[in-house]
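>>> Build me a model from this:
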Amino acid sequence: MKFHPQLVAARHRCPLGQVLVAASPRGLAGLWFEGQRHHPDAAGWRLDPSHPLLRKAIAQLDEYFAGTRTSFDLPLDLQGGTAFQQSVWQALLAVPRGGCTSYGELGRRLGAPRAARAIGAAVGRNPLSVVVPCHRVLGTDGSLTGYAGGLDRKTALLRLEGAL
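Numbering: from 1, shown residues only. Purely as a prediction, here's the structure:
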């Protein structure tokens with residue numbers, strides 16, 4: 001994945017562990033749990049916990065975990081992905097809190113009903129954990145399938161949202 005060269009970042013502790021939150025001039029570009037798959041190398045990113053968008057994102061994340069926020073109201077920058085990945089991430093934004101979908105259903109919504117594996121790969125590369133709710137994607141049979149942040153976190157997020 002390619003990220004905007006002017007990313008600013010902040011680290012924050014939430015109930016499921018440390019997260020790295022990143023913003024570009026266009027919007028929120030990333031939220032990764034420490035140790036999750038596909039965590040970017042942020043060595044060259046400027047840390048700025050006072051950045052207005054990062055502060056707003058962290059405040060909304062805290063509200064989400066406190067149960068007082070059901071959706072996020074933040075400008076997003078999803079341009080780090082391919083056009084296909086971006087379409088999958090946009091489709092994830094339509095899955096409501098407390099709801100779930102499957103890779104196959106996402107494929108049908110996107111007009112690509114046989115692309116479940118490609119959908120799964122795009123879901124796994126989602127740079128905005130929690131905000132773009134990839135944790136709401138289950139296997140066709142309703143089973144908990146992979147989550148870049150770990151199945152324990154996926155289970156906790158779905159429980160928090162009342163989906164389990």
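>>> and Pro113, how far is that from Leu106?
Between Pro113 and Leu106 the computed distance is 10 Å (C-beta to C-beta, to the nearest Å). All C-beta atoms are positioned from the backbone trio N, CA, C, and that covers glycine.
>>> Which one of the two is surrounded by more residues?
Leu106 (24 against 13; other C-beta atoms under 10 Å).
>>> Helices of the protein, residue ranges please.
52-66, 83-92, 103-109, 116-124, 151-160 (DSSP state H).
>>> Gly17: which of those is closest?
helix 151-160 (7.6 Å; C-beta to C-beta).
>>> Help me confirm that Arg153 comes into contact with Leu16.
Yes - look at Arg153 against Leu16 with C-beta atoms under 8 Å: they come within range, at 5.0 Å.
>>> And stretch 132-140, what's buried?
132-138 (16 or more other C-beta atoms under 10 Å).
>>> brain fart, stretch 83-100
Buried residues in stretch 83-100 (16+ other C-beta under 10 Å): 85, 87-89, 91-92, 95, 100.
>>> residues contacting the residue nearest to the spatial centre of the chain?
The chain has Ser129 as the residue nearest its centroid, 2.3 Å off, counting by C-alpha atoms, centre = their mean. By C-beta atoms under 8 Å, 6 or more residues apart in numbering, the residues touching Ser129 are 19, 31-33, 36, 135, 148-149.
>>> what separates it from Arg109, distance-wise?
Here Ser129 is placed at a distance of 21 Å from Arg109 (C-beta to C-beta).
>>> same deal with Leu76?
Leu76 is 19 Å from Arg109, by C-beta to C-beta.
>>> Who has more neighbours out of the two?
Set Leu76 next to Arg109 and count neighbours by other C-beta under 10 Å: Leu76 wins out with 20 against 16.
>>> Tabulate the contacts of Ser129 in a markdown table, adding columns for distance to Val123 and pLDDT.
A markdown table is the format used below for those (distance: C-beta to C-beta, whole Å; pLDDT from 0 to 100):
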| residue | distance to Val123 | pLDDT |
| --- | --- | --- |
| Val19 | 18 | 97 |
| Leu31 | 15 | 96 |
| Trp32 | 15 | 96 |
| Phe33 | 15 | 94 |
| Gln36 | 13 | 88 |
| His135 | 10 | 95 |
| Ala148 | 9 | 83 |
| Gly149 | 12 | 84 |
